[in-house]
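> model this:
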Amino acid sequence: MEAQPKEEFVEIFQKQITREGSERLLNWLSGTDFFTAPASTKFHCAQEGGLVRHSVNVYKTLRERYYEEGDSEESFALCGLLHDVCKAQFYKTSTRNVKNDETGQWEKKPFYTVEDAFPYGHGEKSVYLIERFVRLKPAEAVAIRWHMGGFDEAAKGGSFAISLAYDKYPLAVKLHLADLEATYLREHGTSEAR
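Just a heads-up that it's a prediction; the model follows:
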């Protein structure tokens, strides 16, 4: 029987992440909606538990496609599993009226909205939240900070820091590519909100 995303996440986390503070971080995650939240409002894994499913998918893609001799298993687990920790306590469920094509009746349909109580940015917010419990290595922090690539608001605004980050830290490039592949290939059609 295939493991559920939460159980798989916890198993990988506990096996690969042994840094001081890691158990406190896992306990904190368990006290948030991280394991039940969607990964997006409507694009990929917009479903209950979508965030943890996406996190596991990114880790697996990162590990399967980009791990090379000399890379750190712990760094790959930290980055793959926790790159989107900023999305915990980020989405809210609301409802809207949608016409049922078969019956012609209006029905209430749930959908996700963003309610960002701590608007600190995307990657930088994940780094901040992780470092409340676990000290990241520079390559890990940079990888998580820039995992959005050209979708990041700073990059869209013209920042050249992303280019420097990718040039200096191969892990940042690998995480970005794994996130793209998981989102657009492995998770294509996983949204329940469209």
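> burial count for residue 165?
Neighbours of residue 165 under the rule other C-beta atoms under 10 Å: 21. Heads up, the C-betas are built off the backbone N, CA and C, glycines and all.
> Pretty sure it sits against residue 147.
No. The criterion here is C-beta atoms under 8 Å, and residue 165 misses it with residue 147 at 10.3 Å.
> Next one: residue 4 from residue 97, what distance?
According to C-beta to C-beta, to the nearest Å, residue 4 stands 33 Å off from residue 97.
> go on, residue 62?
41 Å.
> ok, now residue 153?
32 Å.
> Those two: which is more packed in?
residue 153 (11 against 8).
> Nearest residue to that one in space, please, no chain neighbours.
Counting by C-beta to C-beta, 6 or more residues apart in numbering, residue 153 lies nearest to residue 121, which is 6.9 Å off, once chain neighbours are set aside.
> C-alpha coordinates for the longest helix seen in the chain, CSV please?
In the chain, with assignment by DSSP state H, the single longest helix is helix 50-66. In CSV, the C-alpha atoms belonging to helix 50-66 read as follows (Å, rounded to 0.1, in the frame of the first residue of the first chain):
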residue,chain,number,x,y,z
GLY,A,50,-1.9,19.5,-1.7
LEU,A,51,0.9,21.4,0.0
VAL,A,52,2.4,18.3,1.6
ARG,A,53,1.9,16.3,-1.6
HIS,A,54,3.7,19.0,-3.6
SER,A,55,6.6,19.1,-1.0
VAL,A,56,7.1,15.4,-1.3
ASN,A,57,7.0,15.6,-5.1
VAL,A,58,9.6,18.3,-5.1
TYR,A,59,11.9,16.3,-2.8
LYS,A,60,11.5,13.2,-4.9
THR,A,61,12.1,15.1,-8.2
LEU,A,62,15.1,16.8,-6.7
ARG,A,63,16.6,13.6,-5.3
GLU,A,64,15.8,11.4,-8.4
ARG,A,65,16.9,13.9,-11.1
TYR,A,66,19.6,16.1,-9.6
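> Let me see the contact set for the one residue sitting closest to the centre of the chain.
What sits nearest the mean C-alpha location of the chain, by C-alpha atoms, centre = their mean, is residue 84, with 2.9 Å. For residue 84, the contacting residues are 39, 51, 54-55, 58, 126, by C-beta atoms under 8 Å, 6 or more residues apart in numbering.
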